[in-house]
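Visitor: Sequence and computational prediction follow.
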Amino acid sequence: MSPSARLLLTAGEDKAIALALQMELAGRTTQALVGEAQAQNEIALGVDFGTSSVKAVIGDSALGKSFVVPFGNQEGIEKYLLPSRLFQTGFEFALAGGSECHRDLKLAFLAAPQDQENQVRIVAFLALVIQRARAWLLTQHAQTYRRTQLFWKLSVGLPAAHYQDSTLFEPFAHLCAVAWAVAGRTGPVDEPTIVGLLRQPLAHTGSDQDAEVMVIPEIAAQIYGFVVSTSFDRKAQNIFLMADIGAGTVDASLFHVFPARGGKWDFEFFTSVVQPHGVSNLHRHRVDWWTYSLQESSAPAGLAQQLLQFKFQTDQQGNIPNSFVDYFAGIEVNARKGVPGPDHDFYDKTLAQVQGSTLWRAWKNNLVSQQTLSGVPFFLSGGGARMKFYEALTTSMSKAFSSYSWLYATPRVMTPPDDLVVDDIARVDYDRLSVAYGLSRLELGRVLKALPMPRLISPPATSWTDHYISKDLC
């Protein structure tokens with residue numbers, strides 16, 4: 001260890017920017033209408049509520065356009081990512097600036113969905129996101145909609161495994177509906193208003209202030225851009241494996257998608273596995289390893305203390321290193337024989353989730369045939385997919401699993417849809433917006449849970465004696 005050893009991690013720049021007052025007021029309305037309406041359009045706001053950031057896309061099927069909502073003043077993809085954090089001053093909430101900052105909003109809710117404090121914060125955050133998205137559309141595209149009456153739909157994503165869990169799905173759907181109601185109130189987004197609405201049944205006004213509120217499996221939304229592209233073959237078997245690398249979790253699913261009536265799409269899920277193998281948890285795993293290793297090597301206490309300051313921020317704006325060895329300068333890691341570093345163990349668990357619990361388990365449970373699974377298309381997506389650590393999954397999945405020579409996946413890449421209106425992002429970054437895009441356009445049909453295939457039961461072998469009549473019976 002060098003005497004000049006130092007931590008290489010730095011805090012990222014805060015991307016949230018405060019809205020001007022007139023935009024805040026605009027976000028409380030649903031219309032840019034001036035005078036009498038000459039047309040009526042259905043507008044869908046898709047909200048991808050991630051552990052670290054939120055992405056929002058507003059889809060207008062009549063115009064054939066999907067607008068990506070900017071939240072910051074950065075360049076590239078960062079412009080469209082809003083940190084999943086909520087500020088509070090007294091009873092009032094805000095997306096930027098406040099005396100108290102609440103983090104891990106989604107993880108806290110998933111851990112305790114009935115906790116009122118968690119519910120209030122989810123509602124407040126979503127209400128503010130809704131206001132900001134509407135404010136942007138109704139001001140930036142005011143001329144487009146000044147003679148059009150808008151009817152809104154709100155679609156919010158939820159991991160497929162949680163979507164199938166009524167203890168999470170039902171309260172989350174209710175919170176989304178309450179958030180829309182709060183966003184339309186004339187006053188500030190505050191705790192007393194939210195608590196009051198949570199305690200009473202939601203009333204629909206029957207006006208264009210109302211919205212159809214839906215919760216949709218995130219992976220179903222994510223694949224939508226592919227199924228409406230020219231690359232999608234409706235006559236193929238269309239069974240896909242997808243792994244979404246988020247900040248807190250990895251959401252992996254094997255599913256079948258097929259067109260239904262009325263332009264809708266049905267989804268049949270064979271396996272859905274959500275595990276805490278996301279980027280922030282990889283980072284925390286590394287921090288724990290480094291803390292222990294620094295203590296064991298009698299390193300200056302200040303190094304570990306500096307590192308611990310970065311441990312629990314799931315909405316951190318900086319990128320974490322591709323390898324654990326890149327956390328410090330001036331420290332050489334000497335691997336002990338037979339003792340792998342923290343990355344090796346964490347990667348094995350992540351691969352086991354995708355390859356074993358998701359892909360292999362579908363065959364083991366007799367949900368999908370061996371022939372169908374062999375070479376199944378595999379999409380790796382999410383913010384974490386850019387890290388070499390997770391990108392290695394595409395190579396691992398393309399190789400046969402253990403002794404099952406037929407069990408492997410074929411990596412595929414998502415491409416941006418033609419109707420997505422977005423500036424200055426790299427083509428490879430589209431998948432970070434793919435969930436929000438799908439939420440803004442997908443007409444969801446049925447979401448089914450696959451049942452085991454019927455097994456072919458052979459009749460018992462017939463002995464020739466069964467047809468022979470003994471002479472003793474004559």
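Guide: Right, received. Where do you want to start?

Visitor: On the three-state scheme, Pro188 is what?
Guide: Using DSSP: H, G, I helix; E, B strand; the rest coil, the structure places Pro188 in coil.

Visitor: what do you get for Gly225?
Guide: helix.

Visitor: Any regions of the stretch 351-474 of the chain where pLDDT drops low?
Guide: For the stretch 351-474 of the chain, the stretches flagged by pLDDT under 70 are 453-474.

Visitor: now with 80?
Guide: Within the stretch 351-474 of the chain, the segments meeting pLDDT under 80 span 423, 451-474.

Visitor: Tell me which stretches of it form helices.
Guide: 361-364, 370-373, 388-397, 431-441 (DSSP state H, counting those that start in this stretch).

Visitor: Could you look over the ones you listed and pick the most buried one?
Guide: helix 431-441 (a mean of 28; mean count of other C-beta atoms under 10 Å). Yep, even glycine has a C-beta here, placed from its N, CA and C like the rest.

Visitor: What's the local residue count around the spatially closest residue to Ala426 that is not a sequence neighbour?
Guide: Leaving aside its chain neighbours, Ala426 sits nearest to Gly76 (6.6 Å; criterion: C-beta to C-beta, 6 or more residues apart in numbering). Residues contacting Gly76 under the criterion other C-beta atoms under 10 Å number 12.

Visitor: from memory Gly76 sits against Val422, does it?
Guide: No - contact criterion C-beta atoms under 8 Å: Gly76 and Val422 do not qualify, at 10.4 Å.

Visitor: After the worst-scoring helix or strand of the chain on mean pLDDT, which helix or strand is next? Please name it.
Guide: Between all helices and strands in the chain, the lowest mean by mean pLDDT, DSSP states H and E belongs to helix 21-26, at a mean of 66. Using DSSP states H and E, the helix or strand that follows helix 21-26 in sequence is strand 39-49.

Visitor: buried sites along that following strand?
Guide: 41, 43-49 (16 or more other C-beta atoms under 10 Å).

Visitor: picking that back up, could you export the helices of the stretch 351-474 of the chain as a markdown table, including distance to Ala32?
Guide: Formatted as a markdown table, the helices of the stretch 351-474 of the chain follow (distance: least, C-beta to C-beta, whole Å):
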| stretch | distance to Ala32 |
| --- | --- |
| helix 361-364 | 48 |
| helix 370-373 | 49 |
| helix 388-397 | 41 |
| helix 431-441 | 18 |
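
Visitor: Identify whichever of the ones you listed lies nearest to Phe346.
Guide: Nearest to Phe346 among the helices of the stretch 351-474 of the chain is helix 388-397 (8.3 Å), distances taken as C-beta to C-beta.

Visitor: Just the CA trace of that closest one, in CSV.
Guide: Provided in CSV are the C-alpha atoms of helix 388-397 (Å, rounded to 0.1, in the frame of the first residue of the first chain):
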residue,chain,number,x,y,z
LYS,A,388,-18.5,-4.7,-18.2
PHE,A,389,-19.3,-6.7,-15.1
TYR,A,390,-22.9,-7.2,-16.2
GLU,A,391,-22.2,-7.1,-19.9
ALA,A,392,-20.3,-10.4,-19.4
LEU,A,393,-23.7,-12.1,-18.9
THR,A,394,-24.3,-12.0,-22.7
THR,A,395,-21.2,-14.2,-23.2
SER,A,396,-22.0,-16.5,-20.3
MET,A,397,-25.6,-17.0,-21.5
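
Visitor: helices or strands up against that helix?
Guide: strand 239-245, helix 342-351, strand 376-381, strand 409-412 (3 or more C-beta pairs under 8 Å, 6 or more residues apart in numbering; DSSP states H and E).

Visitor: closest one to Trp363 among the ones you listed?
Guide: strand 376-381 (10.4 Å).

Visitor: give me the number of residues near Arg156?
Guide: Actually, residue 156 is Val. It isn't Arg. With other C-beta under 10 Å as criterion, Val156 counts 28.
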